[in-house]
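Participant: Test case, fold it:
(2 chains)
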Amino acid sequence: MTQTNRLQGGMIDRSRTLSFRFDGKAFQGHPGDTLASALLANDVRLMGRSFKYHRPRGPMTAGSEEPNAIVELRTGARQEPNTRATTAELFDGLVANSQNRWPSLRFDALGVNDWLSPFFAAGFYYKTFMWPAKFWEKLYEPMIRRAAGLGSVSFEPDPDSYDKGFLHCDLLVIGGGPAGLAAALRAGEAGARVILADEDFTLGGRLNAETHEVAGMAGHVWAAQAVARLADMPNVRVMPRTTILGAFDHGTYGALERVSDHLAVPEKDKPRQILWRIYSKHALLAAGATERPIAFENNDRPGIMLAGAVRSYVNRWAVTPARDVAIFTNNDDGHRTATDLRAKGVNVTAVIDTRPDAPDGGDFEVIKGGVITNTSGRLGLTGIEARTADGGQRRISCGALGVSGGWNPNVALTCHQGGRPAWNADIAAFVPGSALPPNMSVAGAANGALTTHGAFHTGAEAASQILDHLGLSAPAPDLPEAEDGPVNLTPFWHVKDAKRAWVDQQNDVTAKDVKLAHQENFVSVEHLKRYTTLGMATDQGKTSNMAGLAIMAEVAGKSIPEVGTTMFRPPYTPTAIGAFAGRSRDKDFRPVRKTPSHVWAEEKGAVFVEVGMWLRAQWFPLPGETHWRESVDREVLQTRKSVGVCDVTTLGKIDVQGADAADFLNRIYCNGFAKLPVGKTRYGLMLREDGIAMDDGTAARLADDHFVVTTTTANAVGVYRHMEFVRQCLFPDMDVQLISTTEAWAQFAVAGPNARKLLRKVVDDDYDFSNEGFPFMACAEITVCGGLRARLFRISFSGELAYEIAVPTRYGDAMIRKLMEAGEEFDVVPYGTEALGVMRIEKGHAAGNELNGTTTALNLGMGRMVSKKKDSIGSTLSEREGLNEDDALKLVGFKPVDSSKPVPAGSHLMTKGSQVDAAHDQGYVTSACYSPNLGCHIGIGFLKSGHARSGEIIRLVSPLTGIDHEVEVVSAHFVDPEGERLRA
Amino acid sequence: MMIDHPILGPRDAGEFVYMGCASLINRPDWQAEDALQQFTDYGYQRDNPSGGHRELWFHEGGDRSWLVVTRDTVTHAITQVELARDVARREGRSK
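Facilitator: Modelled structure (predicted):
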């Protein structure tokens, strides 16, 4: 027979039956069920094993605070570990498995840990695995790691997608119980933009779990009508299945909407979850309260749960966890559970109330002043032993026990901005403190108003105050009549002298562990937490922290507020990493920037490399080439022999305009720009204010008041930011404007002896660019291909006769095709970033490896470029003594003595015969390559005293890779040191 | 965090890049007798207050203005946002 524990009534749709499997066994439930309620309906109380001792456990709660009933939900790639059965919505075909057990849930071999528990008390690992020290890495840690953890992951890629979204509102209402609904109704009716979020799939909060009437109807019916009214308001967004994870600065809230978790698979093109960033003017926390248990001997058996959770299962889900139920309480609320159970025909075997003056029961027995001293039932509760006020022992048979130790307001979000909760002795609980996050208010049970009446009134009142702030007004609506019983509670945290009274059930921490920590002098609550791991499990101690604090206060002889609480931090409930990643995964991890010649390069079979976000052609293999070096060597040789073309669009381009443009560049670059004539380009070196080189590039003067500055690809963003800083913050009245034009122009380097001949076929006839008419470092705005505007710069990174030609980006593809077609007669070759790098190393040009954030103009061999006649960023501090020592590092070149040896970048340089250690370090190699022109490997790098040591044979070492051979110190300019080619 | 941009209104802090103390606006005179000392202090000596702090933020994902934001480093409360250019002018950096 199925669903033996199902009762009458409830908020489930009995017209439909859902099939599901747990640990391979088939069960049935109904829409509206959670996995936990459906399992309880089928008389399954055992749902998991505990973390440390592998004790059998069942659900303790009916919500997101659940410590015990955590399962692996779904199978295959969608398998999710540590999912709370108490919040997982049932769907047809759901598959769940228990975790942390082997071979089965009913028989778990590691249950042996429970027998060994005397050895596993707080601090067990710290005390036990100390000696011998070398055992830690090889034996202890792997062993502990294998035993640790709860659920397992699939190790398959997540097949679902996750979105991120942004929402704005006047008022964010957190929690859709009576307080939240009252507030949302009032604010919504006044015309405020309202978002109402609740983690549950059915809004209503405790209205769905209680039998109190509201305005003459069942509470859940009133809630459903209120939600329907809100849903009709265009200014209100109702968000079920949405958890507010954190309260961040300035009214920003993080929210996770579980869009598809209640479905077997997400609908087509729908995300599984959405991580919302909500910008609110005001927020109202109406997150309710969490019931807290009482700790006593063996209080963790399946079937022992919170009394309020029992009511939720009975009233909302029409399920009783067992046919005979007992109650253990220190307050009147526990009696309600007994009353509700009786109303549904469930047998209440006894209510054990710690208060000697407890009220009488109706048709159930109340043991006043009694406590529970033990329980029985290996895989599920079968009975309890109670000690009566007169010291007698009673054995009471029951399959479930509802425990109530009072209610804790859900204050977590009030503390995310550093606030601390305050103690309220009336309800013996922490309530929100005075330092709330700005523009947050709290209402209802979250603020300590624990009755339905109190929730309605404080919720509506908070909304009214917020509306005043917003300048909106609405007539005070009639609030529904609702229950307003007094909260009668006498604090009672744990039954003393228990051997194993569980405080934190998810991390298996007992009252004794807390006492032990105190004995061992862990006096701070934060230390207690970390030493015992209390509150550090996935539930973050929602049901356990209070009892831990109370026991600590007791043994320390302090009050609970004196002990204080640990920090509350986001996220409020466990959140899938996928939600934080959103769409930023795999190929979409970050944007891809493609050069204008990308499509053409793909057609040519180019191999691409990521440079920042850019994809650049690295080399262009020809058929038959089997090694990248073959391609790169060919590209280099052919460029130096005839002509090559390379897309250099990725270099940063900044347009600098204004009457003070030249003066501005004078400040930006350490070398002078004021006298640069129109039509000329100059190399510029930018320093940081501390005198270290920041970036280099060229500045071309197109007009008196117009320059085009280039930056390296990697620093394009940072240099622009720096230039804006200098412009706006340091020289605010200079007449100069900046704009990044990196993406506006497609730019190609055309290099090699035939570069001019090739370009002559592209540039329109009326432009003279003979060597005399357009000499080295000239620049001009020209037209190409019969009228297309373009820019031409005679600059060379390769050391050859070279130009860079720029056309508007949309013509970039056409331009590369045109250049290749025009170059056919010269056997033009496209070259990629590798050949580019080889040629610049052969030429001894500095690049990112040399401008590495530690080097100065002096190190780079450009010390004399730093003008002393003007103020420029970094010029003053570049004169610091420590940066100008006689033997300062200088850029030089290296050739291996044995020409078959490499010169790997990163290798360090040592004087022959000296010790190999940091104290004797002479410098290091920054860039290296195989030079097809020299027929050997070469390198450039920094060497103490630099050129003064030309010709010296020096030792190249890399202890990590075992390299140790000799190189000769040479000029960094391996090819055409006089620069004749580029002026040809 | 939200930064109330003086021109564009409230913007998410994610649109901005943070640089540091707004004292960086007060760049020393390169021709001062003790310029080296002044630049050293300018570059390396910064206050790190617990509480109110004037700092530079760049609206990189927006209009590219540098702002001087007065922010409490403990509570993150922002009490004033100005264009850095206005601040620089006020502090005598006009040429």
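Participant: correct me, but A:Gln728 touches B:Asp86?
Facilitator: No - under the contact definition of Cβ atoms under 8 Å, A:Gln728 does not touch B:Asp86, with a separation of 9.5 Å. Heads up, the C-betas are built off the backbone N, CA and C, glycines and all.
Participant: of the two, who's got more company?
Facilitator: Between A:Gln728 and B:Asp86, counting by other Cβ atoms under 10 Å in any protein chain shown, A:Gln728 is the more crowded of the two (25 against 14).
Participant: for A:Lys757, helix, strand, or coil?
Facilitator: helix (DSSP: H, G, I helix; E, B strand; the rest coil).
Participant: report the longest helix in chain A, please.
Facilitator: In chain A, with assignment by DSSP state H, the single longest helix is helix A:452-470.
Participant: again but with chain B, I slipped
Facilitator: Under DSSP H, chain B gives helix B:35-44 as its longest helix.
Participant: tell me which parts of the stretch 601-750 of chain A are close to chain B?
Facilitator: Within the stretch 601-750 of chain A, the residues that sit near chain B (Cβ under 8 Å from any Cβ of the partner chain) are A:689-690, A:717, A:721, A:724-725, A:728-734.
Participant: can you give me the helices in the stretch 151-300 of chain A?
Facilitator: A:178-189, A:219-232 (DSSP state H, counting those that start in this stretch).
Participant: need the residues of chain B near chain A, please.
Facilitator: Residues of chain B lying near chain A (Cβ under 8 Å from any Cβ): B:1-2, B:12-13, B:17, B:19, B:24-25, B:27-28, B:30-31, B:35-36, B:39-40, B:42-43, B:56, B:58, B:60, B:64-66, B:74-78, B:83-89, B:93-95.
Participant: one step back: can you list the buried residues in the longest helix of chain A?
Facilitator: Buried residues in helix A:452-470, defined by neighbour count with 16 or more other Cβ atoms under 10 Å in any protein chain shown: A:452-464, A:466-467, A:470.
Participant: What of stretch A:653-662?
Facilitator: Under the neighbour-count criterion of 16+ other Cβ under 10 Å, stretch A:653-662 has A:Lys653, A:Ile654, A:Asp655, A:Val656, A:Gln657, A:Gly658, A:Asp660, A:Ala661, A:Ala662 buried.
Participant: Can you give me the first-to-last residue distance of that stretch?
Facilitator: One end of stretch A:653-662 to the other measures 16 Å (Cα to Cα, to the nearest Å).
Participant: what do you get for stretch B:6-13?
Facilitator: 14 Å.
Participant: try stretch A:705-715
Facilitator: 24 Å.
Participant: Restrict stretch A:434-441 to CA atoms and write it as PDB.
Facilitator: Coordinates of the C-alpha atoms in stretch A:434-441 are reproduced here as PDB (Å, rounded to 0.1, in the frame of the first residue of the first chain):
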ATOM      1  CA  SER A 434      20.000  48.600  15.500                       C
ATOM      2  CA  ALA A 435      22.600  48.700  12.700                       C
ATOM      3  CA  LEU A 436      20.500  47.400   9.800                       C
ATOM      4  CA  PRO A 437      21.700  47.700   6.200                       C
ATOM      5  CA  PRO A 438      20.700  51.200   5.000                       C
ATOM      6  CA  ASN A 439      17.100  51.400   3.900                       C
ATOM      7  CA  MET A 440      16.200  47.900   5.300                       C
ATOM      8  CA  SER A 441      13.300  47.400   7.600                       C
END
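Participant: Show me the contact partners of it.
Facilitator: With Cβ atoms under 8 Å, 6 or more residues apart in numbering or on different chains as the test, stretch A:434-441 has contacts from A:247, A:250-251, A:280-285, A:413-414, A:416-420, A:422, A:442, A:462, A:465-466, B:77.
Participant: Can you tell me the closest non-neighbouring residue to A:Thr543?
Facilitator: Among residues not flanking A:Thr543 along the chain, A:Glu65 sits closest, at 5.4 Å (Cβ to Cβ, 6 or more residues apart in numbering or on different chains).
Participant: now A:Ala498
Facilitator: Counting by Cβ to Cβ, 6+ apart, the residue nearest A:Ala498 is A:Glu297, at 4.1 Å.
Participant: Check what pLDDT the one you found gets.
Facilitator: Per-residue confidence (pLDDT) for A:Glu297: 97.
Participant: Give me the neighbour count for it.
Facilitator: 22.
Participant: roughly how far apart are A:Ala192 and A:Asp300?
Facilitator: 46 Å (Cβ to Cβ, to the nearest Å).
Participant: should've said A:Arg342
Facilitator: Note on A:Arg342: its distance to A:Asp300, by Cβ to Cβ, is 26 Å.
Participant: just A:Ile841 next, same as before
Facilitator: A:Ile841 is 69 Å from A:Asp300, by Cβ to Cβ.
Participant: for the residue nearest the centre of chain A, helix, strand, or coil?
Facilitator: Residue closest to the average C-alpha location in chain A (Cα atoms, centre = their mean): A:Phe580, at 5.1 Å. Following three-state DSSP, A:Phe580 is assigned to helix.
Participant: so how many other residues sit close to the closest residue to it other than its chain neighbours?
Facilitator: Among residues not flanking A:Phe580 along the chain, A:Leu275 sits closest, at 6.5 Å (Cβ to Cβ, 6+ apart). Per other Cβ under 10 Å, the neighbour tally for A:Leu275 reads 21.
Participant: Make sure A:Leu275 is actually in contact with A:Gly165.
Facilitator: Yes - counting by Cβ under 8 Å, A:Gly165 is a contact partner of A:Leu275 at 7.5 Å.
Participant: what about the helices in chain B?
Facilitator: Going by DSSP H, chain B shows helices at B:35-44, B:84-90.
Participant: Put together CSV for those helices, with mean pLDDT and distance to A:Leu685 on each row.
Facilitator: Converted to CSV, the helices of chain B look like this (pLDDT from 0 to 100; distance: least, Cβ to Cβ, whole Å):
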stretch, mean pLDDT, distance to A:Leu685
helix B:35-44, 97, 18
helix B:84-90, 97, 26
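Participant: most packed of those?
Facilitator: Mean neighbour count (mean count of other Cβ atoms under 10 Å in any protein chain shown) peaks for helix B:84-90 among the helices of chain B, with a mean of 18.
Participant: which helices and strands sit right next to that helix?
Facilitator: Using 3 or more Cβ pairs under 8 Å, 6 or more residues apart in numbering or on different chains; DSSP states H and E, the elements in contact with helix B:84-90 are strand B:66-72.
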